[in-house]
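Student: Predicted model follows, preceded by the sequence.
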Amino acid sequence: MENQNQVHVFATWKVKEGQVENVLNILKTVHDESIQENGNLFYKVHQSNSDKNIILLFEGYTNETAVAAHRNSSYFQNLILGHIVPLLDNREIVLATPVPYL
């Protein structure tokens, strides 16, 4: 049986020098699309205080199926994989399930 627990996504992106405004502009559309998804709980974009080229994403989804639907969406494929990833030096993603008793 599929895991029905909430899934949170923590992504850290190191943006190539001179590309952070381009990435943030594209992320505006990604954010607006993401929060309309049925399984999306939240989609937060952060920029590091110490290094403006580091973008952090904090996303919440109702379950693993919702994460997969997000990643398979046409806008994710086009905007994230097609446009943003080439503007990154590094991309780290961690999926986590909240600990219910803490």
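Tutor: Nice, I can see it. Everything numeric here is computed off the predicted structure, so don't read it as measured data.
Student: and the spatially most central residue of the chain, bridged to which residues?
Tutor: Per Cα atoms, centre = their mean, the C-alpha nearest to the average position across the chain is that of residue 57, at 4.9 Å. Under the criterion DSSP bridges, residue 57 forms beta bridges with residue 11, residue 45.
Student: Verify the stated contact: it with residue 47.
Tutor: No: applying Cβ atoms under 8 Å, one finds residue 57 not in contact with residue 47, separated by 10.7 Å. Every C-beta, even on glycine, is put in place using the N, C-alpha and C of the backbone.
Student: What is the lengthiest helix in the chain packed up against?
Tutor: In the chain, assigned by DSSP state H, the helix with the most residues is helix 20-34. Contact here means 3 or more Cβ pairs under 8 Å, 6 or more residues apart in numbering; DSSP states H and E; on that basis helix 20-34 packs against strand 40-47, strand 54-61, helix 74-75.
Student: Pick the most buried one from the ones you listed.
Tutor: Of those, the one with the most neighbours on average (mean count of other Cβ atoms under 10 Å) is strand 54-61, at a mean of 18.
Student: ok, residues contacting that strand?
Tutor: Applying Cβ atoms under 8 Å, 6 or more residues apart in numbering, the set of residues contacting strand 54-61 from outside is 6-15, 20, 23-24, 27, 34, 39-48, 67, 70.
Student: After it, which helix or strand is next?
Tutor: Where DSSP states H and E defines the elements, the next helix or strand beyond strand 54-61 is helix 64-72.
Student: Now find how far off-centre that following helix is within its chain.
Tutor: 11 Å (Cα atoms, centre = their mean, to the nearest Å).
Student: With stretch 68-75 instead?
Tutor: The answer for stretch 68-75 is 11 Å, by Cα atoms, centre = their mean.
Student: send the alpha carbons of it over as PDB?
Tutor: Written as PDB, here are the backbone C-alpha positions of stretch 68-75 (Å, rounded to 0.1, in the frame of the first residue of the first chain):
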ATOM      1  CA  ALA A  68       4.900  12.500  -8.300                       C
ATOM      2  CA  ALA A  69       2.000  14.500  -9.900                       C
ATOM      3  CA  HIS A  70       3.900  17.700  -9.300                       C
ATOM      4  CA  ARG A  71       7.100  16.400 -10.800                       C
ATOM      5  CA  ASN A  72       5.300  15.000 -13.800                       C
ATOM      6  CA  SER A  73       3.400  18.100 -14.500                       C
ATOM      7  CA  SER A  74       4.100  19.800 -17.800                       C
ATOM      8  CA  TYR A  75       5.100  23.100 -16.200                       C
END
